[in-house]
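Enquirer: here is a sequence with its predicted model. Questions after.
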Amino acid sequence: MPEPFYITTPIYYVNDKPHIGHCYSTLVADAVARFQRMAGRDVFFLTGTDEHSERVASAAAERDLTPIQWADANAAAFKEAFNWMGFSHDDFIRTTEPRHIERVEAYIRTLIENGDVALGEYSGWWDHSQEEYLTETVARDADYKSPITGKPLVKRTENNYFFKLSAYQDKLEAHIAANPDFIRPESRRNEVLGRLRDGLQDVPVSRAAPADGSWGIRMPGAPEHVVYVWIDALFNYMSAIDTDERRAYWPAQVHVLAKDILWFHAVIWPCLLMALEKPLPECVYAHSFWIREGRKMSKSLGNFVDMPTVLAYADRFSVDGVRWYLLTQGPLGATDADFTYSKFVEVYNADLANGIGNAISRVTNMIGKYFDGIIPEPEGGPNADIGVDWAKLANEKSREATEAMARMDLAGALAAGTALASAVDQFVNDTVPFKLAKDPANMPKVGAILYQCAEALRIAAYLLSPAMPTAMCDAIGRLGYSPDQTPSYETLTTWGQLVPGSTVRKGDALFPRADAKADAPAS
Ligand code: MSP
């Protein structure tokens, strides 16, 4: 039985349209999911939308729509954007779906029965823009403004149901100490540990139901309250797989998200799970933010890389070109990454047009020219010694990619594929098959060289396919490989799978070189 691998993204607010930030987190999860599927894991990849926010209701009211009409429109926009980006999610959950609502009610009921959730009065600093309460220390440090949006905080007192978060402090700290990979990257783990030193306070899990009673999940047994949107949202990770067929996916291997919502995922969510006596996820991974041309993306600046802009980039550089840039240059670590046109073109040309794309054209063209487009029988077998121990190199690179992926080092994993493609370029330069081919007596050797080139590129393409599924599938086909069944990672990446006699396909450049002087694509 393949081992389960459950990966999630945040569920995104539907008060607005998707943008590059939402696409980035989902892309990271997609690349990991694709890699793990290739490695033979039984992957379940979940994304979706978080809909019961007050802001959805107010955004809908501004447009004379009901909240669900506005949520439907934006959830559809997220689905469209994610399909268009080529994401391979297994499910897309919306928190307004009955399957989610019913289960949230059941979780809350259990928490009330166990005494982990009870009525009380709460007074705190409310960040309306983020829909969260901040502690006195955090509020004071931020000068009583939202640390995320800079909007003023409001002192608010409410009669609410509370979750006894404070009761779980010791257990959570022990878990973090015993599991160094529970919160990643390490700098984020240290931030959480630092904040935990202030001590955990109980948190509200309900809010007064809106006057018209139309939006939110009712607290079981107390319809004058709705479940606080953050608690409702966190439960999606469980509700989506709380069925007989899917339950084995829990606990999740990775929750992917960004630094803005780490506290909810690294502290509140695990404590809720402990209260429900469920095992904790293996890793909560919080990446940093994309900024644009040196400036934070914000509504007021109107400078989001929105979907029309992403579309314009993909028109010129392909969806896989966009995916490549985001994955290799993205803010997976502790620092923000800048989305700039100049860097985009530089990376696209260096890695794709002049890198893997060029290596594939070079090799398929030579096989076309010297062997009528048929993969030659390699003289001396696939492992013939012509200067490079390809079996060993391919094996090393596949292992490097696997290890890097396990650390969520996506750029590192992809670099292993790129290194294999560069080794092919170097090999062609060193062995000069285009010169040897001038003498017919050399053709057996030329055949062996080109076999090894094509085989190494096939493996490189597999290693790069989690980032660029469409282009790499095309590349693998061009190299004459068509596995007739879903092959295992080992057969994909083990040396010598390419069958002599298969037909190579030439074709347009996979990644046409981009003119660095052209203007940035405009939406
Ligand atoms: N609905 C909550 C999440 C609930 S999860 C149980 C929420 N939604 S959100 O629409 O605001 O999405 C926030 C997430 O979007 C971030 O954590 C991150 O994953 C992604 N990003 C939003 N802007 C981003 C950037 N500028 N850069 C990278 N990712 C960003 O919070």
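Expert: Yes, it's here.

Enquirer: where's the spatially most central residue of the chain relative to Pro331, distance?
Expert: The residue lying closest to the centre of the chain (Cα atoms, centre = their mean) is Val28, at 2.0 Å. Here Val28 is placed at a distance of 10 Å from Pro331 (Cβ to Cβ, to the nearest Å). Placement of C-beta: from N, CA and C, glycine included.

Enquirer: so for these two, which residues contact both of them?
Expert: His287 (Cβ atoms under 8 Å, 6 or more residues apart in numbering).

Enquirer: quick revisit: nearest residue to the residue nearest to the centre of the chain in space, please, no chain neighbours.
Expert: Spatial nearest neighbour of Val28, excluding adjacent residues (Cβ to Cβ, 6 or more residues apart in numbering): Val256 at 5.3 Å.

Enquirer: get me the contact residues on the stretch 251-400 of the chain for the ligand.
Expert: Proximity of the stretch 251-400 of the chain to the ligand (Cβ under 6 Å from any ligand atom) is limited to residues 257-258, 260-261, 289-290, 297.

Enquirer: out of these, which are inside strands?
Expert: 257-258, 290 (DSSP state E).

Enquirer: before we move on, the earlier item: so which of the residues of the stretch 251-400 of the chain next to the ligand wins on neighbours?
Expert: Highest neighbour count within those: Trp290, with 23 neighbours (other Cβ atoms under 10 Å).

Enquirer: so that residue touches Tyr325, yeah?
Expert: No - between Trp290 and Tyr325 there is no contact under Cβ atoms under 8 Å: 10.8 Å.

Enquirer: which residues are contacting stretch 425-441?
Expert: 358-359, 362-363, 366, 369-370, 386-388, 442-443, 445-446, 449-450, 452-453, 456.

Enquirer: if we can go back for a sec, who touches the residue nearest to the centre of the chain in this structure?
Expert: With Cβ under 8 Å, 6+ apart, Val28 has these contacts: 256, 287, 327, 330, 332, 408, 410.

Enquirer: quick one: stretch 90-104 to chain centroid distance?
Expert: When distances are taken as Cα atoms, centre = their mean, to the nearest Å, stretch 90-104 is centred 21 Å away from the chain's centroid.

Enquirer: re the thing from before, among the contacts of stretch 425-441, which ones are buried?
Expert: The neighbour count (16 or more other Cβ atoms under 10 Å) marks 358-359, 362-363, 366, 370, 386, 388, 443, 445-446, 449-450, 452-453, 456 as buried among the contacts of stretch 425-441.

Enquirer: so which of those residues sit within helices?
Expert: 358-359, 362-363, 366, 370, 443, 445-446, 449-450, 452-453, 456 (DSSP state H).

Enquirer: distance of Glu51 from the ligand?
Expert: For Glu51, the distance to the ligand equals 9 Å [Cβ to the nearest ligand atom, to the nearest Å].

Enquirer: my guess is that residue meets Glu97, correct?
Expert: No - contact between Glu51 and Glu97 fails when scored by Cβ under 8 Å: they sit 9.1 Å apart.

Enquirer: those two: who's more crowded?
Expert: Glu51 (29 against 17).

Enquirer: and the more buried one, what does it touch?
Expert: With Cβ under 8 Å, 6+ apart, Glu51 has these contacts: 13-14, 67, 71, 75, 94-96.

Enquirer: just those residues now: which is nearest the ligand?
Expert: Using Cβ to the nearest ligand atom, the shortest approach to the ligand within those belongs to Tyr13, at 3.9 Å.

Enquirer: beta partners of the closest one?
Expert: Here Tyr13 sits in beta bridges with Asp50, going by DSSP bridges.

Enquirer: test my guess that it contacts Val56.
Expert: Yes - proximity of Tyr13 to Val56 meets the contact threshold set by Cβ under 8 Å, at 7.1 Å.

Enquirer: thank you, goodbye.
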